[in-house]
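Asker: coordinates for the following, if possible.
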Amino acid sequence: MTDKQQSSVAVFPGSFDPVTVGHIDLIERSIAVFDKVIVAVACNQEKTPLFSVPERIDMIEKIFSHTDRVKVETFDGLLINYIQNGEAHVIIRGLRAVSDFEYEFQMALMNHKLAPGIETFFMTSSALYTYVSSRIVKELASLGGDVSDLVHPLVEEKIKEKYSRI
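Answerer: Next up is the predicted model:
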């Protein structure tokens, strides 16, 4: 990279409670496009998460310990404020189905209104993962279902630990 070239940094925000194979796939595909991807774990006081923010950060960091191109951070409040105070200028959003698009498109337009220099980069899910969501993983796991093909083995173990205590 020459001095005139800018490093491309993108933020992939979400609750990641828990991080799924769909999230992992999008992150891996994103680092093929961007120099660095910041996985921004949202603190949402309105939700009752299965995993604490530090637990979610730890799992994602361990899964991506093989690369220095993925950084994991946390944020609270407006995503656009977090991005404006950082090094990224792109928001990555995953689309699993057409139904995701309307909401995500509205959010992208609002974010662009609030911060015209910030762009949203939509990535479609791999066909293998269109049905995977954190909510479905938690529901299936809470009922004793097998989530091994929906999450990384580390996450599966952490889920089993959580539900064995509940």
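Asker: who's in contact with stretch 17-24?
Answerer: Stretch 17-24 has contacts (CB atoms under 8 Å, 6 or more residues apart in numbering) with 12, 14, 16, 47, 49-51, 56, 59-60, 63, 94, 96, 125-126, 128-129, 132-134, 137-138, 149-152, 155, 158-159. The way it works is simple: take the backbone N, C-alpha and C, and place the C-beta from them, glycine included.
Asker: cool, stretch 90-109 as well?
Answerer: Stretch 90-109 is contacted from outside by 8-13, 22-23, 26, 30, 34, 37, 79, 83, 111, 118-125, 129-133, using CB under 8 Å, 6+ apart.
Asker: off-centre distance for it?
Answerer: 13 Å (CA atoms, centre = their mean, to the nearest Å).
Asker: just the CA coordinates of that stretch, formatted as PDB?
Answerer: What follows is stretch 90-109, C-alpha atoms only, in PDB (Å, rounded to 0.1, in the frame of the first residue of the first chain):
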ATOM      1  CA  VAL A  90     -18.100   1.600   6.100                       C
ATOM      2  CA  ILE A  91     -20.900  -0.400   7.800                       C
ATOM      3  CA  ILE A  92     -21.300  -4.000   6.800                       C
ATOM      4  CA  ARG A  93     -24.800  -5.400   7.000                       C
ATOM      5  CA  GLY A  94     -25.800  -8.900   6.200                       C
ATOM      6  CA  LEU A  95     -29.000  -9.800   4.300                       C
ATOM      7  CA  ARG A  96     -30.500 -13.200   4.800                       C
ATOM      8  CA  ALA A  97     -33.800 -12.600   3.000                       C
ATOM      9  CA  VAL A  98     -35.700 -10.000   1.200                       C
ATOM     10  CA  SER A  99     -37.500  -9.200   4.400                       C
ATOM     11  CA  ASP A 100     -34.200  -8.000   5.900                       C
ATOM     12  CA  PHE A 101     -33.700  -5.500   3.100                       C
ATOM     13  CA  GLU A 102     -36.500  -3.100   3.900                       C
ATOM     14  CA  TYR A 103     -35.300  -2.500   7.500                       C
ATOM     15  CA  GLU A 104     -31.600  -2.500   6.600                       C
ATOM     16  CA  PHE A 105     -32.200  -0.100   3.700                       C
ATOM     17  CA  GLN A 106     -34.100   2.400   6.000                       C
ATOM     18  CA  MET A 107     -31.300   2.200   8.500                       C
ATOM     19  CA  ALA A 108     -28.700   2.800   5.800                       C
ATOM     20  CA  LEU A 109     -30.500   5.900   4.600                       C
END
